[in-house]
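Enquirer: Quick one: sequence and predicted model below, then my questions.
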Amino acid sequence: MNREPEYIQTNRRDFLRRALKAGASVAATCSLFAWLYHRSRSGRPSDDKELVTLPDFSIPGFPGKMSIALGENRADTVRRGIEALGGIEAFIKRGDRVLLKVNAAFATPPMLSATTNPLLVAEVARLCYLAGASSVVVTDNPINDPESCFSLSGIAAAARSSGARVLMPRESFFEPTTVPKATLIKNWPILWRPFRGINKIVGIAPVKDHHRSGASMTMKNWYGLLGGRRNIFHQDIHTIITELAVLVRPTFVILDGITTMMTNGPTGGSISDLKQTDTMIVSTDQVAADAFGATLLGKSVTDLPYLAKAEAAGLGTADYELLNPIRLQTG
Amino acid sequence: MARTVSRTEITVGYVILLALVTIASGVFLSQFRYSPAIIESTVIEKQSSSISPFHAGTLGDLSRFAPNGLTPPSTPEIYNPENLSDKINGKAELYLSAGFRRLLTQRFAASDNPGAWLEVYVYNMGSLRQAFAVYSMQRRFDAEELELADFAYHTENALFFVHGPYYVEIIASIGQKKLAESMLAVGRDFISKIQVTRDRITELSLFPSEHLNRGAFALLPTDAFGFHRFTSIFTAQYAVEGTELTAFVSRRESESEAAELVVAYTRFLVTNGGTELSSTVEIPQAKLVEIMDTFELVFSRSNLLAGVHGAENREAAEKLGRLLGRKLQEVVR
């Protein structure tokens, strides 16, 4: 027996009531979805802003300083270089949480000097712990197979041997940032998670020739914090390096010129691309450090336009002699 | 007459509406959360068991070139123009400007010593000339040339050569005799197994042999000497009267283009602070410019553009210019 369907008669009042119900359903669903979506995301600042910002990690009131230590031994030269600036205690205090930003861009052996030397990583991490640091984290975003890069460069083993923790990039580690007055770094993902809880950052980079920018040193080293299709920035390399230096105000930087990659950078590939230059630079002024590093490559400040740009942006001085660098011989 | 619907229809309607709203909300929120970091990671063509053909079936897996005692600890990786910089960072521009197509890389480690490994990079540059361009621009001049191929050399830890459209680098983790032998074995095997069209770079024979530093040729695909119209410029290094000199030759589309480029380059130099001088070289329309304490000589013969670049000594520059002019005259005669 067919049952007569139940009919509902609609009028204007019913229509409005149903429209309200539908609207409420939409609002409730959106709210639920948004709540679930945001709850599942980690690494976001507690104030829930869309963009993250990096704090200034430099030591307040600490003027621009630089030391230039000559010698063959990386551990000796960096230790003596830091001592010349007042010792590691001048930078790292008890309980500090330190981030070492290394150059682990390539899965190449330390012998090729395309990446931060592992002996240097181990020594700096050791010094930080000696000064009372509560944690030392080592990171970079090589994009291509980070495990291989950290492993084959020897950085992972060196970090672990000195008690530091290696943080390799993962998708969830990236958050967007915008650099004030920037033309390139606008709402762009950076490797942000390793910075959580950090209050000191030390950049450690080798001196290298660079096909596009002329040189890869401490300022270019921050490029490894960028996520996304960052290769597009190579079209405006001097601007992106300057903006990166605005983004990251380090506690101090270490520029490793013990072995300099003179040609075919930034990858190199042959020992014949390298030159023994036996120089370690430690500086609170990354512009000055790179300006001196340029001389190891046989280049001048005018050969590297990003130095002038960074100086004009008030990030430091390209005339490193103004800092009265402390020169010392080790070994 | 009023329209009526059943309760079932109402329930189904609400469910569909909720589903649509959920999907729309997801799309709406996600488009604000665009992450290039995520997009980028999916672009990389890291291959494992599903490695794609590298070049029309001629290459596929580099492990077949590995000699005994070397095993691949890593899977092959393939890069294209969009993601080459993921592998070689800032050096990608050098390859891209020379016509790069694809890169195939793979590491091999010694079975008895995992710390001794080598990585093979095979760049498909599309043509012999383009492969030669990237080879020559990275040439280590203190390296030892090899008979392995027309263009080949090795250093303490690496082997570099050109085979047809392929530019090959084999880089070892340590400088070790055993690894050096393995590199050579890989290179020989690659050349014997990969058939390529036999081709020659005819421009190299345009340079006079007198005072020439053998092997010091290069091809600058774009922006040679900072001048954007100087494309496909071949250079050769010379030592004349104790002065290091660079000679250059480029085959242009027509005689008029070559002649026009002489004028354009001279104008470019003068605009950038150079001073045009009267040349003693007996070549019609040859231009000599002094700029920043160096001398530039430029001229044309038929459709060949030629000259001497960045010479510190005027006499040496003009001497080499005469040699080059005579050689080109013989060729175009």
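Expert: Great, that's in hand. Just so it is clear, the structure is predicted and the values come from calculations on it, not from any experiment. Numbering: from 1, shown residues only, chains lettered A, B, ... in the order given.
Enquirer: ok, which stretches of the stretch 1-150 of chain B are strands?
Expert: Taking DSSP state E, counting those that start in this stretch to define them, one finds strands in the stretch 1-150 of chain B at B:45-46, B:70-71, B:77-79, B:102-110, B:113-124, B:144-145.
Enquirer: JSON lines for those, including distance to B:R314, mean neighbour count and mean pLDDT?
Expert: C-beta: built from backbone N, CA, C; applies to glycine. Converted to JSON lines, the strands of the stretch 1-150 of chain B look like this (distance: least, C-beta to C-beta, whole Å; neighbours: other C-beta atoms under 10 Å in any protein chain shown; pLDDT from 0 to 100):
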{"stretch": "strand B:45-46", "distance to B:R314": "53", "mean neighbour count": "16", "mean pLDDT": "34"}
{"stretch": "strand B:70-71", "distance to B:R314": "54", "mean neighbour count": "18", "mean pLDDT": "88"}
{"stretch": "strand B:77-79", "distance to B:R314": "46", "mean neighbour count": "23", "mean pLDDT": "93"}
{"stretch": "strand B:102-110", "distance to B:R314": "44", "mean neighbour count": "22", "mean pLDDT": "93"}
{"stretch": "strand B:113-124", "distance to B:R314": "40", "mean neighbour count": "20", "mean pLDDT": "92"}
{"stretch": "strand B:144-145", "distance to B:R314": "32", "mean neighbour count": "11", "mean pLDDT": "88"}
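Enquirer: Go through those and name the closest to B:T155.
Expert: strand B:144-145 (7.7 Å; C-beta to C-beta).
Enquirer: what number of residues lie near residue 303?
Expert: You didn't say which chain, so I picked chain A. 12 (other C-beta atoms under 10 Å in any protein chain shown).
Enquirer: actually it's chain B I care about, not the one you picked
Expert: By other C-beta under 10 Å, the residues close to B:N303 number 16.
Enquirer: Was I right to think it contacts B:A258?
Expert: Yes: contact criterion C-beta atoms under 8 Å: B:N303 and B:A258 qualify, at 5.1 Å.
Enquirer: Now for those two: what residues contact both?
Expert: In terms of C-beta atoms under 8 Å, 6 or more residues apart in numbering or on different chains, B:N303 and B:A258 are both contacted by the residues B:R252.
Enquirer: so A:I258 makes contact with A:I281?
Expert: No: counting by C-beta under 8 Å, A:I258 does not reach A:I281; the two are 10.4 Å apart.
Enquirer: what about these two, which has more around it?
Expert: More neighbours surround A:I281 than the other of A:I258 and A:I281, with 28 against 24 (other C-beta under 10 Å).
Enquirer: That one belongs to a helix, doesn't it?
Expert: No: secondary structure of A:I281 (DSSP: H, G, I helix; E, B strand; the rest coil): strand, not part of a helix.
Enquirer: residue contacts, it?
Expert: By C-beta under 8 Å, 6+ apart, the contact list for A:I281 reads A:66-69, A:81, A:254-255, A:257, A:289, A:292-293.
Enquirer: export those to TSV and tack on distance to A:D14, secondary structure and pLDDT?
Expert: Formatted as TSV, the contacts of A:I281 follow (distance: C-beta to C-beta, whole Å; DSSP: H, G, I helix; E, B strand; the rest coil; pLDDT from 0 to 100):
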residue	distance to A:D14	secondary structure	pLDDT
A:M66	79	strand	98
A:S67	82	strand	98
A:I68	84	strand	98
A:A69	84	strand	98
A:G81	81	helix	98
A:I254	74	strand	98
A:L255	76	strand	98
A:G257	81	strand	98
A:A289	75	helix	98
A:F292	80	helix	98
A:G293	77	helix	98
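Enquirer: Let me know the helix or strand that the closest residue to chain B within the stretch 151-300 of chain A is in.
Expert: Using C-beta to the nearest C-beta, A:G228 is the residue of the stretch 151-300 of chain A that sits closest to chain B, at 2.8 Å. Taking DSSP states H and E as the definition, one finds A:G228 inside no helix or strand.
Enquirer: Show me the strands in the stretch 101-250 of chain A, by range?
Expert: A:135-139, A:165-167, A:174-177, A:188-191, A:200-210, A:214-216.
Enquirer: Contact residues of the stretch 51-200 of chain A facing chain B?
Expert: Contact residues (C-beta under 8 Å from any C-beta of the partner chain) of the stretch 51-200 of chain A with chain B: A:105-109, A:111-112, A:143-145, A:148, A:152, A:171, A:174, A:176, A:188-189.
Enquirer: cutoff 10 Å now
Expert: A:105-112, A:114, A:141-145, A:148, A:152, A:169-176, A:187-191 (C-beta under 10 Å from any C-beta of the partner chain).
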